[in-house]
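Colleague: Next come a sequence and a model predicted from it.
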Amino acid sequence: MVCDLCTKAYDSVAIKINNAHICRECEEKIIAITVWDPDYQMWINRIKRFWQHLLGEKGYA
């Protein structure tokens, strides 16, 4: 399977919502990130695209 956030292949899914998947590594990063982290906005954008995809909105890449 491929993670819908990082697009890397993985063996076991951490989170599955409908046909979308988030790998354990991404799950752990999301849980640990703080608003002061330099990658915070990147993760916000990835999560936003993930939900847009699930909801059928345009703009998911």
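Modeller: The structure has been received and is ready for your questions.

Colleague: Show me the strands in this structure, by range?
Modeller: Under the criterion DSSP state E, strands of the chain are mapped to 13-17, 20-23.

Colleague: Make CSV from these and add mean pLDDT, distance to I44 and mean neighbour count to it.
Modeller: (C-beta placed from N, C-alpha, C; glycine too.) Shown next, in CSV, are these (pLDDT from 0 to 100; distance: least, C-beta to C-beta, whole Å; neighbours: other C-beta atoms under 10 Å):
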stretch, mean pLDDT, distance to I44, mean neighbour count
strand 13-17, 82, 17, 13
strand 20-23, 90, 14, 20
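
Colleague: Show me the one of those that comes nearest H53.
Modeller: Closest of the strands of the chain to H53 is strand 20-23, at 6.5 Å (criterion: C-beta to C-beta).

Colleague: can you give me how far that closest one is from the chain middle?
Modeller: 7 Å (C-alpha atoms, centre = their mean, to the nearest Å).

Colleague: Only C-alpha atoms, please: export it in CSV.
Modeller: The C-alpha coordinates for strand 20-23 follow below in CSV (Å, rounded to 0.1, in the frame of the first residue of the first chain):
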residue,chain,number,x,y,z
ALA,A,20,-7.3,6.4,2.0
HIS,A,21,-4.3,5.4,4.1
ILE,A,22,-1.8,7.0,6.5
CYS,A,23,1.3,5.1,7.4
